[in-house]
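Undergrad: Please work out how this folds:
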Amino acid sequence: MSYVEIPGAKVQIRMWADPAAVDEGAMRQLHNVATLPWIKGLAVMPDVHYGKGATVGSVIAMHGAVCPAAVGVDIGCGMSAVKTSLTANDLPGDLSRLRSKIEQAIPVGRGLHDTPVDPGRLHGFPTAGWDDFWERFGGVADSVKFREERAAKQMGTLGGGNHFVEFCLDESDSVWLMLHSGSRNIGKELADHHIGEAQKLPHNQGLVDRDLAVFIADTPQMAAYRNDLFWAQEYAKYNRAIMMGLFQDVVRKEFKKAGVTFDPVISCHHNYVAEERYDGMDLLVTRKGAIRAGSGDFGIIPGSMGTGSYIVKGLGNVASFNSASHGAGRRMSRNAAKRRFSTRDLEEQTRGVECRKDEGVVDEIPAAYKPIEQVIDQQRDLVQVVAKLKQVICVKG
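TA: Numbers count the residues shown, from 1 in each chain. Have a look, this model is predicted:
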């Protein structure tokens with residue numbers, strides 16, 4: 001489908017979702033964002049749902065301003081995926097050992113590595129800029145009470161919530177490795193700090209929602225946020241790269257006889273800010289639950305833990321600010337999912353997937369998410385499907 005336009009206070013709200021299907025709270029948030037004096041465009045993805053300040057599934061383009069709550073607390077959260085030379089015939093009948101090996105290699109939940117991972121031991125890890133990245137930590141750490149040791153030990157860890165590591169099969173039975181994570185606790189610490197700082201600024205008093213507080217250009221507060229924001233986005237990128245390296249090491253060891261090879265890794269943020277130019281104007285584009293889908297850009301749009309995911313290529317639709325959805329999107333809150341579904345429901349909906357099936361992940365049950373096929377169909381003018389994947393192993397935090 002193409003987008004529909006809803007009148008907003010300062011800009012038209014371009015929606016790749018059915019407005020009638022968007023709940024009242026999320027629609028109110030979209031209208032609130034459209035009141036911001038600095039806004040130049042607002043695109044709404046088909047996975048849109050209620051968030052903090054701004055909806056998840058928003059692309060917010062502003063001139064000379066950025067809203068830290070619209071970026072979110074998991075700065076740089078995103079996806080990585082890689083196709084392997086393995087096929088379904090290479091996989092054992094019992095996948096529990098493989099799942100266990102992944103969980104041993106990559107700490108989940110609040111777990112961290114006993115000692116920081118040495119990227120030099122990971123096959124193919126992009127180490128360029130690694131030392132400079134950590135040297136810049138001092139400038140970041142000044143803004144929050146956070147120890148570098150913890151940040152270093154959390155590098156290469158999954159986290160909880162909807163983060164995951166998966167073994168998938170495409171429609172040709174080729175094996176793919178996929179994972180979803182972000183900037184871990186350092187990203188949250190930085191986000192919380194800057195959201196609080198923004199809410200104190202005089203120009204943000206009287207906004208319709210205090211969570212829409214912004215930093216504006218050419219101020220020390222904006223400079224401090226941009227420094228920390230872009231560092232955290234880099235942390236998230238490295239975090240996924242290290243996890244993918246650890247994941248590939250597990251696969252090499254477990255399938256040693258197969259001599260596994262890997263295609264280039266596809267990686268994309270979906271909670272982040274980018275400096276981009278549209279209609280001759282330099283804008284700060286915040287994608288909160290959205291990926292960049294410029295012409296030829298590869299992206300990853302995951303579904304739930306029992307339905308599958310899509311590898312896509314962007315079509316470069318400037319009406320969406322070269323963006324597409326970041327996933328299926330929730331259709332009910334975590335608490336609502338826990339109230340409505342049981343572990344028996346989870347077992348039924350994840351049949352055929354080697355994964356946790358206990359109370360701790362009931363809030364991630366597939367029925368809590370929108371149908372991924374519908375979400376993909378609503379953005380056919382934003383992305384082209386390259387591959388459809390179905391998970392056979394899903395490691396949750």
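
Undergrad: pLDDT weak spots in the chain?
TA: The model of the chain has pLDDT under 70 over residues 1, 145-146.

Undergrad: So what's the residue count around residue 360?
TA: Neighbour count of residue 360, defined by other C-beta atoms under 10 Å: 13. (Each C-beta comes from the backbone N, C-alpha and C, glycine too.)

Undergrad: Equivalent analysis for residue 100, please.
TA: By the measure other C-beta under 10 Å, the count of residues near residue 100 is 12.

Undergrad: how much space between it and residue 109?
TA: Distance, residue 100 to residue 109, using C-beta to C-beta, to the nearest Å: 15 Å.

Undergrad: Pull up the gap between residue 113 and residue 77, please.
TA: For residue 113 relative to residue 77 (C-beta to C-beta), the value is 20 Å.

Undergrad: So for the two, which sits in the more crowded spot?
TA: Neighbour count, other C-beta under 10 Å: between residue 113 and residue 77, residue 77 has more, with 29 against 17.

Undergrad: which ones are touching the more buried one?
TA: Neighbour list for residue 77: 180, 181, 182, 183, 187, 236, 269, 270, 271 [criterion: C-beta atoms under 8 Å, 6 or more residues apart in numbering].

Undergrad: got CSV for those, with distance to residue 198, secondary structure and neighbour count too?
TA: Formatted as CSV, the contacts of residue 77 follow (distance: C-beta to C-beta, whole Å; DSSP: H, G, I helix; E, B strand; the rest coil; neighbours: other C-beta atoms under 10 Å):
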residue, distance to residue 198, secondary structure, neighbour count
180, 27, strand, 26
181, 26, strand, 28
182, 20, coil, 29
183, 18, coil, 34
187, 16, helix, 29
236, 21, helix, 25
269, 21, strand, 23
270, 22, coil, 30
271, 17, strand, 27
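
Undergrad: Out of those, give me the two with the largest separation.
TA: 180 and 187 (14.2 Å; C-beta to C-beta).

Undergrad: where does the longest strand along the chain sit relative to the chain's centre, distance-wise?
TA: Assignment by DSSP state E gives strand 383-396 as the longest strand of the chain. Centroid separation between strand 383-396 and its chain, computed with C-alpha atoms, centre = their mean, to the nearest Å, is 15 Å.

Undergrad: Give the pairing partners of it; include direction for each.
TA: Its sheet considered, strand 383-396 pairs with strand 164-170 (antiparallel), strand 309-314 (antiparallel), strand 354-355 (parallel) by DSSP bridges.

Undergrad: mind checking which of these is nearest residue 397?
TA: When the strands paired with strand 383-396 are compared by C-beta to C-beta, strand 164-170 sits nearest residue 397, at 7.5 Å.
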